[in-house]
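Asks: sequence and predicted structure are below.
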Amino acid sequence: MNDYAVDVSGIHMNFGRFSALQDLNLQVKSGTAMALLGENGAGKTTTLRILTNLYRASTGTGTVLGQALGCDDSSFFQRIGYVSENQKLPLRWTLQRLLDYLKPQYPNWDDDFCRELIENFELPLDRRLGQMSRGMQMKSSLVSSLAYRPELLLLDEPFSGLDPLVREEFIDGVLELMDGGNWTLVLSSHDIHEVERLCDEVTLIEQGRVTISEPLDQLQHRFRRWSIHTSEARDPGELPEDWLLVEHHDSNHWSLVETRHDPANSQAIIEKYFGPLNGQECQYLSLREIYLTIAKDRKHRSQSIATA
């Protein structure tokens, strides 16, 4: 049995002359929740659509739920759920009609679970989808994708445009789902605070390539922010590759981020580059802070190359 719900490699996706994905490799362990992070245009939505077989990769191999990438087996679609901010709903239908239409297509449809979700989300079965708010439409999409208990759930920017209460209800529904069985979740979202609550694995996609993919707790363990006060003004020069200069307050006060925390060596490196210290503080970073640190460093490096 494959331990990975998603196991793909060498994925390229071209739209004409534009390359959306370049040699993308991705593994998602069964029963985990994976976050896909990256800027707009990085390739997150394209990746999810390839995993659902909505797109066919230009090149690449692998499996999703044990089936070959790009397979046409109808049973595959009965095991996967997909909710997207751009998802189109039959707006003239009521929610009840939508559910009645979908139910015969999914052998594992769970009426009790479906009823529970509808009650928890306080959704009106007799109202047309086109007359619902955006939040209610997103919750309707989630119900229709969860009622058959898919093994793999893919969410593409599901929180976009939702008010705080609806967002909280949506997240509570997903958390309840994850607690209720061996589900696998892949979530693409810019709402990093919500991602941090839902996911235990993080993958960062930059320009169509995976640059980071690891457990969230491991990622947070290796990133630390240091705030240091030196006893004398000093220019540290070029820092080691795994140290990032985040902010220079003045010649005696610096903020740094260590990207591979090494308790036995960190202090020695700081003193080597900054000399004797009058004070220091080391802090964990949230996922949002880690993401912003990486993004700012990448932008800084790009600007440095452009002006060199």
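Replies: Structure's in. What do you need?

Asks: which residues does the most far-flung residue of the chain relative to its centre contact?
Replies: Going by C-alpha atoms, centre = their mean, the residue of the chain most distant from its centre is E232, 42.8 Å out. Counting by C-beta atoms under 8 Å, 6 or more residues apart in numbering, E232 makes contact with 252, 275-276. Yep, even glycine has a C-beta here, placed from its N, CA and C like the rest.

Asks: so it, which of the three states?
Replies: coil (DSSP: H, G, I helix; E, B strand; the rest coil).

Asks: distance of it relative to G279?
Replies: To G279, E232 is 13 Å away according to C-beta to C-beta, to the nearest Å.

Asks: likewise for T230?
Replies: In this view, T230 and G279 are 9 Å apart by C-beta to C-beta.

Asks: which of these two has more residues huddled nearby?
Replies: Under the neighbour definition other C-beta atoms under 10 Å, T230 and G279 were set side by side, and T230 has more, 22 against 10.

Asks: what's the pLDDT at that one?
Replies: Predicted confidence (pLDDT) at T230: the value is 90.

Asks: which residues sit against stretch 213-225?
Replies: For stretch 213-225, using C-beta under 8 Å, 6+ apart, the contacting residues are 26-27, 35, 196, 199-204, 212, 246, 255-261, 266, 282-287, 289-290, 293.

Asks: buried ones among these?
Replies: 26-27, 35, 196, 199-204, 246, 256-259, 261, 266, 282, 285, 287, 289-290, 293 (16 or more other C-beta atoms under 10 Å).

Asks: what packs against whichever strand or helix holds L26?
Replies: Secondary structure assigned from DSSP states H and E places L26 in strand 18-29. With contacts taken as 3 or more C-beta pairs under 8 Å, 6 or more residues apart in numbering; DSSP states H and E, strand 18-29 sits against strand 4-15, helix 44-51, strand 184-188, strand 201-206, strand 209-215.

Asks: tilt between that strand and strand 4-15?
Replies: 180 degrees (axes from the mean of the first three to the mean of the last three C-alpha atoms, to 10 degrees).

Asks: can you give me the buried ones in strand 18-29?
Replies: Of the residues in strand 18-29, 20-21, 24, 26-29 count as buried by neighbour count, 16+ other C-beta under 10 Å.

Asks: helix or strand right after it?
Replies: Moving toward the C-terminus from strand 18-29, the first helix or strand encountered (DSSP H and E) is strand 33-37.
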